[in-house]
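A.B. asks: Got a predicted model here, sequence first, then my questions.
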Amino acid sequence: MPLPGTPLYEHGQQLGLIGTSPEEEEYLLNVSGSGTGKLNYLNLNGSPMKEVLFWDYLMKLEASRTFREIIKTQPMKETFLAKVWREQGKKLLKKPSMKSKILKVIETGNLNHVFSAESTTFRFFSTFLEVHLINNKYIDALPRWFIYPIIQNLLYFEFLVQSLALKIFSRRYNLYANLRPKNYLPEDFLNADRTKDRSLRSLVAAHRLDPNNETEKNRQTLVRGL
């Protein structure tokens, strides 16, 4: 999440996703009152929403496949601690009362509080995915081209339902903007030989405009956190 004083924040400004004038205040207010769920992040690279929703689950699904391939040649038994950890994880998925969650949504105006591991009300498919489909030998055996698009589209459907639930309370995801920034990463940056030249700090420095006045100079200093 881009925060003032970081290269990521300045990069967001250069892409036009974060304001550089008084409208920036709205972004900062949203940052202060938002959770750290991925649906509250700025879309800095313009990826489609379906990809954003699927990234972390793709990692888990691939890890499960890889693990299952490894244990074919290197069998292992579940340890006592691993069993306890697995059982505790299942207990965390038990949802609190519907009333308490709805009251929390009304109070805060967003669904961050019900998107946690303790809730399943607005995470009907992602919860099912976490509990039953990830680390499932039958899912791991299915071809990627078949099962991954199904999971990805069901996650997107869940997102649409969540968005509709927020709309009922005249709210939306605070920070996510479905914008497609142009010229996200220039070719000279991607092809740079030195690691330093491929850093985000170098990228924003190369695109930083010279200040027109003392006020702008001071603003840039504050943004850089220097």
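C.D. replies: Thanks, I have it.

A.B. asks: so how far is stretch 42-54 off the chain centroid?
C.D. replies: With C-alpha atoms, centre = their mean, to the nearest Å as the basis, the distance from the averaged C-alpha position of stretch 42-54 to the chain average is 8 Å.

A.B. asks: what about it, how long is it end to end?
C.D. replies: Criterion C-alpha to C-alpha, to the nearest Å; first-to-last residue distance in stretch 42-54 is 16 Å.

A.B. asks: where does the protein have low pLDDT?
C.D. replies: 22-23, 33-37, 89-122, 171, 173-180, 182-184, 223-226 (pLDDT under 70).

A.B. asks: where do the helices sit along it?
C.D. replies: Across the chain, reading from the start of the chain, the helices by DSSP state H fall at 7-14, 24-32, 49-73, 80-92, 98-108, 124-128, 137-141, 144-168, 187-190, 200-206, 214-224.

A.B. asks: dump the residue contacts of the residue most central in space within the chain.
C.D. replies: Per C-alpha atoms, centre = their mean, the C-alpha nearest to the average position across the chain is that of Lys38, at 2.3 Å. By C-beta atoms under 8 Å, 6 or more residues apart in numbering, the contact list for Lys38 reads 52-53, 55-56. Just so you know, the C-beta spots here come from the backbone N, C-alpha and C atoms, and that holds for glycine as well.

A.B. asks: Can you select the buried ones from those in PyMOL?
C.D. replies: A single PyMOL command suffices to select whichever of these are buried according to 16 or more other C-beta atoms under 10 Å:
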select buried, resi 52+53
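
A.B. asks: Could you save the contacts of Lys38 as CSV and add columns showing distance to Leu15?
C.D. replies: CSV is the format used below for those (distance: C-beta to C-beta, whole Å):
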residue, distance to Leu15
Val52, 16
Leu53, 21
Trp55, 20
Asp56, 23
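
A.B. asks: Quick check: of the contacts of Lys38, which lies closest to Glu216?
C.D. replies: Val52 (33.2 Å; C-beta to C-beta).

A.B. asks: residues contacting that closest one?
C.D. replies: With C-beta under 8 Å, 6+ apart, Val52 has these contacts: 38, 43.

A.B. asks: Roughly how far does it sit from Asp210?
C.D. replies: Counting by C-beta to C-beta, to the nearest Å, the separation of Val52 from Asp210 is 35 Å.

A.B. asks: For stretch 71-87, measure first residue to last.
C.D. replies: 22 Å.

A.B. asks: With stretch 41-59 instead?
C.D. replies: This stretch, stretch 41-59, spans 19 Å end to end (C-alpha to C-alpha).

A.B. asks: Buried ones in that stretch, by neighbour count?
C.D. replies: Buried residues in stretch 41-59 (16+ other C-beta under 10 Å): 41-44, 49, 52-54, 57.

A.B. asks: Stretch 4-22 now?
C.D. replies: By neighbour count, and taking 16+ other C-beta under 10 Å as the criterion, the buried residues in stretch 4-22 are 6-15, 17-18.

A.B. asks: do the same with stretch 196-206
C.D. replies: Going by neighbour count (16+ other C-beta under 10 Å), the buried part of stretch 196-206 is 202-204.

A.B. asks: coming back round to it: which of the buried residues of stretch 4-22 sits closest to Arg172?
C.D. replies: Of all the buried residues of stretch 4-22, the one sitting nearest Arg172 is Leu17; the distance, using C-beta to C-beta, is 15.7 Å.

A.B. asks: Looking at the backbone only, give me phi and psi for the residue lying closest to the closest one once chain neighbours are set aside.
C.D. replies: Using C-beta to C-beta, 6 or more residues apart in numbering and skipping residues adjacent in sequence, the residue nearest Leu17 is Leu42, 5.3 Å away. Backbone torsions of Leu42, given as degrees, to the nearest 10, read phi -70, psi 140.
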